[in-house]
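Enquirer: Return a 3D structure for these sequence lines:
(chains A, B, C and D)
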Protein chains: 4
Amino acid sequence: IEWLRARGDEGWVPAGDASTDDLASVTSDRPAAEADLVLSLGGDGTMLHSVHLLDGASVPLLGVNLGRLGYLTEVEVDGVRDALDRFALGADAGGWTLDERMMLEVEAIDPDGRSVGTWRALNEGVVEKQDSGRTVHLLVRIDGEPFTSYATDGLIVSTPTGSTAYSLSARGPVVSPKHRAILVTPVAPHMLFDRSLVLDPSETVDIEVIDGHSASVAIDGRATCSLSGGARVTCRPSTATACFVRFGEHHYHQVLKAKFGLHDR
Amino acid sequence: IEWLRARGDEGWVPAGDASTDDLASVTSDRPAAEADLVLSLGGDGTMLHSVHLLDGASVPLLGVNLGRLGYLTEVEVDGVRDALDRFALGADAGGWTLDERMMLEVEAIDPDGRSVGTWRALNEGVVEKQDSGRTVHLLVRIDGEPFTSYATDGLIVSTPTGSTAYSLSARGPVVSPKHRAILVTPVAPHMLFDRSLVLDPSETVDIEVIDGHSASVAIDGRATCSLSGGARVTCRPSTATACFVRFGEHHYHQVLKAKFGLHDR
Amino acid sequence: IEWLRARGDEGWVPAGDASTDDLASVTSDRPAAEADLVLSLGGDGTMLHSVHLLDGASVPLLGVNLGRLGYLTEVEVDGVRDALDRFALGADAGGWTLDERMMLEVEAIDPDGRSVGTWRALNEGVVEKQDSGRTVHLLVRIDGEPFTSYATDGLIVSTPTGSTAYSLSARGPVVSPKHRAILVTPVAPHMLFDRSLVLDPSETVDIEVIDGHSASVAIDGRATCSLSGGARVTCRPSTATACFVRFGEHHYHQVLKAKFGLHDR
Amino acid sequence: IEWLRARGDEGWVPAGDASTDDLASVTSDRPAAEADLVLSLGGDGTMLHSVHLLDGASVPLLGVNLGRLGYLTEVEVDGVRDALDRFALGADAGGWTLDERMMLEVEAIDPDGRSVGTWRALNEGVVEKQDSGRTVHLLVRIDGEPFTSYATDGLIVSTPTGSTAYSLSARGPVVSPKHRAILVTPVAPHMLFDRSLVLDPSETVDIEVIDGHSASVAIDGRATCSLSGGARVTCRPSTATACFVRFGEHHYHQVLKAKFGLHDR
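Expert: The predicted structure follows:
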């Protein structure tokens, strides 16, 4: 930040995110949405946090990797100054592009049809069992039409970005981040039909809790609310996207290959 | 029960299981283990309950199916009198056999090495996440030797009988009930190695919670205790078995075929 | 056909498809592409045959189901006359729509870079082992960039329509037919990374045979050619689509539900 | 071999396996079954070859690894002399054990009930499609009783040893090599029931080709014969076992962990 000021730029740390005294002087209540660029220092979890902080504002986000290789982060810590210099030059001169990622809008609706809350997810919204040993019964509707019901540990509604997160653990497919689609993957469903569904972004997915056991809703790994019988969540693409600064091509394939130990030959 | 008395036999209903006044007069605190035969009226869930009631006593159990086709129940309600007559004739004259099923002994051990409790499972013991959105980190040891750790929703340690229950939902194999083996199946593990393990009954499986998030233990679908970091469960075959009365052959294949819509051609 | 003539319409049967003498008089070499509507009498296999017969011509196709429930067929045999009457009224008055399905263009290229042949697939193109017991080694490139290599029984490159065909057997996801995407699903790959890939229709998939064992190419279930080491196939969306006449909504969900025994509750 | 002679032991190379002139002088027609120990120089494929060469004789086999880490090999090439010295000392003094592995006896029977051939498999017997694009229809019987039929690319009948070979590629479970069981795993079956079956070694598996498309039989990766409609194979545990010399414990877990990149924490 000292260095940013020396260059004539401004920087600040969101209130609540400054975990040490050293950063207190630059902490600000100024919203992240006013920034030209948000730097995320950490891993993919920090990137998710930064995206939620932006609350849908189309501010470019640059992920600086402080830990293990991430799907979302772009540069290592010793490349930050160079990256910021290139970003300041503009996309053409700096040789960077914006990698826009689809997000989901997840709305919880109580049994009386009232909206309980709306959240934006970069990875996924999950409706899952609340109590150990008790599956939940969930009815999936596609564009309002009943598709099928599941007795299951949970259902994951995921973006292409989220296809390498929780959905992958539940054996869902890997979706190209260039692609726009909605992925529905069940977790340990008590039935033989256990395939993921890949839906068009024009389609809306609605999940209703259809019996007595309550379900939890988690957005990008954070519990948000509980749904009793008759309550439901509706998932559709958000009008907002997450914008990541990229300095090269094929970032995504390289991360996949490194993560999964894939080889060209 | 009236009819049993008329035949000179005795019958009673365990205290706590008589849900209506009509049965109150025959309710008894006499332990189920003293019976010659336990009748389970209901479905597979009721069978599990009856097995737990017997607490390892080797009393034959006859499952009377009141609901959907079950893996464990043997006769429909209108076949009960005939079944009891045949049972009373003895195995040879009555044409029945005992179908003995392996059970698991699951012991929970706290971080200081003290036993917290021991349970017997006909289907499975599960160690799973407690909080929505938070995987647990579990280390599996086989015969005391570390095998691998999982960041996962849960791990299912199952008997052959339980291979068609929760383990099947998590894509585990179907194990012949004639066979003795221990099945370890992960639920949505965050890694590519997601196969079930089939172990010999001479092998012991130990699951340790290896980081801060606590885990729940469920035995045959009922939550029993919580494990904090450093606590573990040990699973081995129980010396007790569950004994089901069978009047014919191939019961198991027929139920599988009916449940899964399998055809011979 | 008698009945068509009585209505003043013409009908003919493609040469080679008339299996009995009765149809000989109406057999014609006139290409199917000149028709206003092609009737496919049979099951999904016959629909595939009809689509291939049209060779990319955008002629509406009406599937008349003579066998088991199909994904592609639309009417039962006793509904044909009514369906033809409604078709003749036009889309608005007749209450029908065209359900346009993406097809793949699959080109085989020899080790010297020469095109060996190009085929159009409604379901899938498959590159697979030729000899019992011998896996093939295949390198997948996405947009020309190496992704990973597989030692595998085969790789399936599928359309959304084909997601319920061979790809489903290999545990691929079910893709909405409204959606445009390319699905790559491995068959029994000898590696832990066995997930399907869902790619954007703007992406091109290239599969190269990278060692001595030759591979077979099959298009919609028919073997077309053999690839030796260094040869490859390239798959991209075809500019042509298949057009199916539909008289109602939700056809697709209903077929899925019937095929898989899915329930709303 | 020079070194063996110097120690007063004898060694020879089976006729047909001496690929270079250097070995010609020590090539012999003397059967491998007369040896005290068979050395297998290569990888797991060579081990399979050595096991087949022994044809059921209970001669200890020592696998010397010349390539990638193997499940079956035991020592690296620079450990051979030490290993042979320890072997010569006997099991107690030398600190080695015999790791006995179950094998399968696979018999092919023509439609008239005549035996066509019998083979012994250390890994698996496979019945699979012969022609690209054409699934085979196979009926599985367990102990003579029809279980279900599969429209499938193939069925793998595997030993515990084979559970980490082809069956794993088809998503079968990993079976402890200490355990005796028969594993049946379908390859891309066209049905939702795609789970592996784990059977008791007392159970016999019979696979019949039930329609016109012929099937191939492969034993441990080598094609052996073709089955037309009505022909079948019968699989049961062989009375012979394969005996591998082991110098330490936990070999199996260590190989699994290395192959799959598993970690203890």
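
Enquirer: Distance-wise, check residue A:43 relative to chain D.
Expert: 18 Å (CB to the nearest CB, to the nearest Å). In this view, the C-beta of every residue, glycine as well, is placed from N, C-alpha and C.

Enquirer: Would you mind confirming that that residue is in contact with residue A:65?
Expert: Yes - with contacts counted by CB atoms under 8 Å, residue A:43 reaches residue A:65, the gap being 6.6 Å.

Enquirer: shared neighbours, the two?
Expert: residue A:73 (CB atoms under 8 Å, 6 or more residues apart in numbering or on different chains).

Enquirer: And those two? Which one has more around it.
Expert: residue A:65 (22 against 19; other CB atoms under 10 Å in any protein chain shown).

Enquirer: Pretty sure that one sits against residue A:72.
Expert: No - counting by CB under 8 Å, residue A:65 stays clear of residue A:72, with 9.1 Å between them.

Enquirer: got a list of contacts for the helix or strand encompassing residue A:223?
Expert: For residue A:223, the element it lies in under DSSP states H and E is strand A:222-227. Strand A:222-227 has contacts (CB under 8 Å, 6+ apart) with A:108, A:116-117, A:119, A:127, A:130, A:209, A:214-218, A:233, B:131-133.

Enquirer: Please pick the buried ones from these.
Expert: A:108, A:116, A:119, A:127, A:130, A:209, A:214-218, A:233, B:132-133 (16 or more other CB atoms under 10 Å in any protein chain shown).

Enquirer: So which of these is the closest to residue A:141?
Expert: residue A:233 (11.0 Å; CB to CB).

Enquirer: From the chain's centre, how far out is the one helix or strand the closest one maps to? Work that out for me.
Expert: According to DSSP H and E, residue A:233 maps onto strand A:232-246. Relative to the chain's own centre, strand A:232-246 is displaced by 8 Å; criterion: CA atoms, centre = their mean, to the nearest Å.

Enquirer: Report the buried residues of it.
Expert: Buried-residue list, strand A:232-246, by 16+ other CB under 10 Å: A:232-238, A:240-246.

Enquirer: Can I get those in CSV including pLDDT and distance to residue A:201?
Expert: CSV is the format used below for these (pLDDT from 0 to 100; distance: CB to CB, whole Å):
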residue, pLDDT, distance to residue A:201
A:232, 96, 20
A:233, 97, 17
A:234, 98, 14
A:235, 98, 11
A:236, 98, 8
A:237, 97, 5
A:238, 97, 10
A:240, 94, 14
A:241, 94, 12
A:242, 94, 15
A:243, 93, 18
A:244, 93, 19
A:245, 93, 24
A:246, 92, 22
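
Enquirer: Spit out the contact partners of residue A:127.
Expert: A:136, A:138, A:154, A:155, A:207, A:209, A:215, A:216, A:217, A:227, A:233.

Enquirer: Kindly recompute the last result at 10 Å.
Expert: A:106, A:108, A:136, A:138, A:140, A:150, A:152, A:154-157, A:187, A:207-209, A:215-218, A:227, A:231-233, A:235, B:132 (CB atoms under 10 Å, 6 or more residues apart in numbering or on different chains).

Enquirer: tell me the secondary structure for the nearest residue to residue A:245 once chain neighbours are set aside?
Expert: Leaving aside its chain neighbours, residue A:245 sits nearest to residue A:62 (4.5 Å; criterion: CB to CB, 6 or more residues apart in numbering or on different chains). Classification of residue A:62 by DSSP: H, G, I helix; E, B strand; the rest coil places it in strand.

Enquirer: Over to residue A:57?
Expert: Under three-state DSSP, residue A:57 comes out as coil.

Enquirer: Tell me which two of the contacts of strand A:222-227 sit farthest apart.
Expert: A:116 and B:131 (19.9 Å).

Enquirer: The residue nearest to residue A:245 reaches residue A:88, doesn't it?
Expert: No - applying CB atoms under 10 Å as the test, residue A:62 and residue A:88 come out as separate, 11.6 Å apart.

Enquirer: picking that back up, just give me the closest of the buried residues of strand A:232-246 to residue A:167.
Expert: The closest of the buried residues of strand A:232-246, once distances to residue A:167 are taken by CB to CB, is residue A:235, at 13.0 Å.

Enquirer: Next one, pLDDT for residue A:225 please.
Expert: Note for residue A:225: predicted pLDDT of 94.

Enquirer: since we're on the residue lying closest to residue A:251 once chain neighbours are set aside, how many residues are nearby?
Expert: Spatial nearest neighbour of residue A:251, excluding adjacent residues (CB to CB, 6+ apart): residue A:74 at 7.0 Å. Using other CB under 10 Å, the number of residues around residue A:74 comes to 22.

Enquirer: Quick check: residue A:74 touching residue A:82?
Expert: No - with contact defined as CB under 10 Å, residue A:74 does not count as touching residue A:82 (11.8 Å).

Enquirer: Mutual contacts of those two, please.
Expert: residue A:247.

Enquirer: So residue A:228 versus residue A:130, what's the distance?
Expert: Noted for residue A:228: a distance of 10 Å to residue A:130, by CB to CB, to the nearest Å.

Enquirer: meant to ask about residue A:60
Expert: 38 Å.

Enquirer: Poorly predicted segments of the stretch 151-265 of chain A, please.
Expert: A:249-250, A:265 (pLDDT under 70).

Enquirer: from the buried ones among the contacts of strand A:222-227, which ones fall inside strands?
Expert: Counting by DSSP state E, the buried ones among the contacts of strand A:222-227 place A:108, A:116, A:119, A:127, A:209, A:215, A:216, A:217, A:218, A:233 in strands.

Enquirer: quick check, nearest of those residues to chain C?
Expert: residue A:209 (12.2 Å; CB to the nearest CB).

Enquirer: Near chain B, which residues of the stretch 151-265 of chain A are found?
Expert: A:151-154, A:156, A:165-172, A:185-192, A:194, A:215-226, A:259-261 (CB under 10 Å from any CB of the partner chain).

Enquirer: Mark which of those residues are part of helices, please.
Expert: Among those, the members found in helices (DSSP state H) are A:166, A:167, A:168, A:169, A:259, A:260.

Enquirer: Same list, these, but only the ones touching chain C.
Expert: A:167, A:168, A:259, A:260.

Enquirer: Identify the residues contacting the third one.
Expert: Listed by CB under 10 Å, 6+ apart, the contact partners of residue A:259 are A:68, A:69, A:70, A:71, A:164, A:168, B:192, C:193.

Enquirer: Based on its surroundings, how many neighbours for the nearest residue to residue A:260 once chain neighbours are set aside?
Expert: Closest residue in space to residue A:260, ignoring its immediate chain neighbours: residue C:193 at 4.6 Å, by CB to CB, 6+ apart. Around residue C:193 there are 16 other residues, counting by other CB under 10 Å.

Enquirer: Next, residue C:193: phi, psi?
Expert: Per-residue torsions, residue C:193: phi -80, psi 100 (degrees, to the nearest 10).

Enquirer: if I look at it, how far off is chain D?
Expert: In this view, residue C:193 and chain D are 11 Å apart by CB to the nearest CB.

Enquirer: hang on, the earlier thing: most neighbours among the ones in helices among the residues of the stretch 151-265 of chain A next to chain B, which one is it?
Expert: residue A:167 (28 neighbours).

Enquirer: sorry, back to before: which one of the buried ones among the contacts of strand A:222-227 sits closest to residue A:78?
Expert: Nearest to residue A:78 among those: residue B:133, at 33.0 Å, using CB to CB.

Enquirer: Please name the bridge partners of the residue nearest to the closest one when sequence neighbours are not counted.
Expert: Spatial nearest neighbour of residue B:133, excluding adjacent residues (CB to CB, 6+ apart): residue A:218 at 3.7 Å. Note on residue A:218: beta-bridge partners by DSSP bridges are residue A:126, residue A:223.
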